[in-house]
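Participant: Got a predicted structure plus its sequence, pasted below:
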Amino acid sequence: MRISRIFPVVLLGVLIPGYFSTLSYVSLTNKRLPKGEEVNVVLPSPVLKITSLEYDGLASDVLYLKSLVFYGSTWVGKSQRNVKEWEYDWLYNVLKASTDLDPYFLDPYFLANGVLGWEAKRVAETNRFLAKGSRYRDWDYWLPFFLGFNYYYFLGENDKAAEYLMKASKKPGADPFYGYFAARLAYKGNRTENAIIFLEGMLKTTKEKTIRKDYETRLEALKAILYLEKGEVVYKDKFGKNPDNLNALIEHRIISQIPVDPYGGEFYIDKDGSVKTTSDLRPMKKTKNN
């Protein structure tokens, strides 16, 4: 009996100094960060696991909310973001820690896919993150759906994309549309149109305002690109070649005006004939002249 009573005290005596030692290290590291960029260092997952005791779920929630508040604070104006590469690293580490504590928590995977995949262009990292979640949430159709879309849209791996989307279509509660979408991805065309369909589906189920705002901006940009792509097809059918620039579509009254890129860039026709934007579908940093 005495041993069972003494053991927790001994354990705390060992853990508490280590805990405060870790906090001291974090504090020191924060002071070394560049001035004005004081984002907290993320403790390693094993340490978080110990310090959270049996409250893994609560600690996971706190980390996720911390990442969400930080990401929401990066808005500059209505449609501009200012996120540095090291901040994307920090965001990834926080979301990873959150899901290490609670791998069944869905929201961090949503945020990681929207920010790290679309905005930071860290698709490989994002896919590993989603695959991790899919192993735990093996009943969930969302994560294989995200994986399928990422493999198609960002990596151009149609077979891999169709494989994941078919997996998603077989999960409980999945929209029958997923199987149809998988079939569409067997073809190389309709890239922009497929992305629009995907995002419209996402908006129907996404309630978090920050994430919805990102999806709405992205959807607006993709619809503008699709509008210009359709104009380009009309021009090519009429003249037998791609237009030299987008102004040619206006000159021949195929379109009335060039849409505004909500990310702050300018649309143009690339050398390969595809419609692109100088923003690369990422929020552009404002200059002093803006």
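Facilitator: Sure thing, it's come through. The model shown is predicted, which means the values in this text are computed figures rather than measured ones.

Participant: Give me the phi and psi angles of the nearest residue to P172 once chain neighbours are set aside.
Facilitator: Spatial nearest neighbour of P172, excluding adjacent residues (C-beta to C-beta, 6 or more residues apart in numbering): W139 at 5.9 Å. C-beta coordinates here come from the backbone N, C-alpha and C atoms, glycine included. Note on W139: backbone dihedrals following degrees, to the nearest 10 are phi -90, psi -10.

Participant: swap in L58?
Facilitator: phi -70, psi -40.

Participant: when you give positions from now on, start the count at 111
Facilitator: All right, first residue 111 from here; so that's L168.

Participant: residue ranges with poor pLDDT in the stretch 111-260 of the chain?
Facilitator: The model of the stretch 111-260 of the chain has pLDDT under 70 over residues 111-163, 185-192.

Participant: The residue nearest to P282 contacts A278, doesn't it?
Facilitator: No - using C-beta atoms under 8 Å, W249 makes no contact with A278, being 11.4 Å away.

Participant: Show me the strands in the stretch 261-400 of the chain, by range?
Facilitator: Residue ranges of the strands in the stretch 261-400 of the chain, as given by DSSP state E, counting those that start in this stretch, are 377-379, 385-387.

Participant: Lowest mean pLDDT across those, which one is that?
Facilitator: Here the strands of the stretch 261-400 of the chain differ in mean pLDDT, and the lowest is strand 385-387 at a mean of 92.

Participant: which residues sit against that strand?
Facilitator: The contact list for strand 385-387, computed with C-beta atoms under 8 Å, 6 or more residues apart in numbering, reads 331, 335, 338-339, 342, 356, 371, 373, 375-380.

Participant: Check those residues for burial and list the buried ones.
Facilitator: Buried by 16 or more other C-beta atoms under 10 Å: A331, I335, L338, E339, E342, L356, D371, Y373, G375, F377, I379, out of the contacts of strand 385-387.

Participant: All the strands of the stretch 111-260 of the chain, residue numbers only.
Facilitator: When assigned using DSSP E, counting those that start in this stretch, the strands of the stretch 111-260 of the chain occupy the ranges 185-186, 190-191.

Participant: In contact with the residue most central in space within the chain, which residues?
Facilitator: Nearest to the geometric centre of the chain sits G224, at 2.1 Å (C-alpha atoms, centre = their mean). The contact partners of G224, taken as C-beta under 8 Å, 6+ apart, are I321, D324, Y325.

Participant: Isn't the second one up against L226?
Facilitator: No - with the criterion set as C-beta under 8 Å, D324 and L226 do not qualify as a contacting pair; they are 11.9 Å apart.

Participant: quick one on the thing from earlier: so which of the contacts of G224 belong to helices?
Facilitator: Among those, the members found in helices (DSSP state H) are I321, D324, Y325.

Participant: Identify the residues contacting the last one.
Facilitator: In this structure, Y325 makes contact with G224, L309, M312, L313, T316, judged by C-beta under 8 Å, 6+ apart.

Participant: rerun that using 7 Å as the cut-off
Facilitator: By C-beta atoms under 7 Å, 6 or more residues apart in numbering, Y325 lies in contact with L309, M312, L313, T316.

Participant: any idea how far R322 lies from P353?
Facilitator: Distance, R322 to P353, by C-beta to C-beta, to the nearest Å: 35 Å.

Participant: Repeat that for D166.
Facilitator: Relative to P353, D166 is positioned 57 Å away (criterion: C-beta to C-beta).

Participant: Grab the two from the contacts of strand 385-387 that are most spread out in space.
Facilitator: Farthest apart among the contacts of strand 385-387 by C-beta to C-beta are E342 and Y373. That separation is 20.3 Å.

Participant: any chance you could map the helices in the stretch 261-400 of the chain?
Facilitator: Using DSSP state H, counting those that start in this stretch, the helices of the stretch 261-400 of the chain run over 268-279, 287-294, 301-315, 319-349, 357-361.

Participant: Next: the stretch 111-260 of the chain.
Facilitator: Here the stretch 111-260 of the chain has its helices, by DSSP H, counting those that start in this stretch, at 112-142, 155-161, 166-182, 195-211, 217-222, 233-246, 252-263.

Participant: helices or strands next to the fifth one in the packing?
Facilitator: When you say that, I think you mean helix 217-222. helix 166-182, helix 195-211, helix 233-246 (3 or more C-beta pairs under 7 Å, 6 or more residues apart in numbering; DSSP states H and E).

Participant: Buried deepest among those, which one?
Facilitator: Mean neighbours per residue, mean count of other C-beta atoms under 10 Å, is largest over the helices and strands packed on helix 217-222 for helix 195-211, with a mean of 20.

Participant: All set now, cheers.
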